[in-house]
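Sharing a model that was predicted from the sequence below.
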Amino acid sequence: MSKSPLINALGAMAYITVIASVLYYGPGKSFAIDGIIAPIVFLSLFVLSVATMGYFFLYQPAQLLF
């Protein structure tokens, strides 16, 4: 975490690129997640993404506020 918004934006871009690359090049078409595990995986990825973006963009302003 830095005070520079440009570095925070580059960190967010790197995170999004890694997640998109893993989803695109990862398992392929032969791997299918069925049943109860699919919603758990997607919600876990969503929560991780929200926490990461919150850390990049909201942590410093919240720290300054409090």
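Here it is on my side, so go on. Keep in mind the model is a prediction, meaning the values are calculated, not measured. Numbering: from 1, shown residues only.

got the residue ranges for the helices in the chain?
Using DSSP state H, the helices found in the chain span residues 5-25, 37-57, 59-65.

can you redo those as CSV with mean pLDDT?
Converted to CSV, the helices of the chain look like this (pLDDT from 0 to 100):
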stretch, mean pLDDT
helix 5-25, 85
helix 37-57, 86
helix 59-65, 84
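
got JSON lines for those helices, with mean neighbour count too?
C-beta: built from backbone N, CA, C; applies to glycine. Shown next, in JSON lines, are these (neighbours: other CB atoms under 10 Å):
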{"stretch": "helix 5-25", "mean neighbour count": "12"}
{"stretch": "helix 37-57", "mean neighbour count": "12"}
{"stretch": "helix 59-65", "mean neighbour count": "10"}
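
so who does the residue nearest the centre of the chain touch?
For the chain, residue 49 is the residue whose C-alpha lies nearest the centre (CA atoms, centre = their mean; 2.8 Å). Contact partners of residue 49, counting by CB atoms under 8 Å, 6 or more residues apart in numbering, are 15, 19.

same deal with the one 4 residues further on?
Residue 53 makes contact with 12, 15, according to CB under 8 Å, 6+ apart.

any idea how far it lies from residue 59?
As judged by CB to CB, to the nearest Å, residue 53 and residue 59 stand 10 Å apart.

With residue 37 instead?
Taken as CB to CB, the span from residue 37 to residue 59 is 31 Å.

Next: residue 46.
Distance from residue 46 to residue 59, by CB to CB: 19 Å.

do residue 41 as well
Distance from residue 41 to residue 59, by CB to CB: 26 Å.

can you check residue 45 too?
Using CB to CB, residue 45 is found at 20 Å from residue 59.
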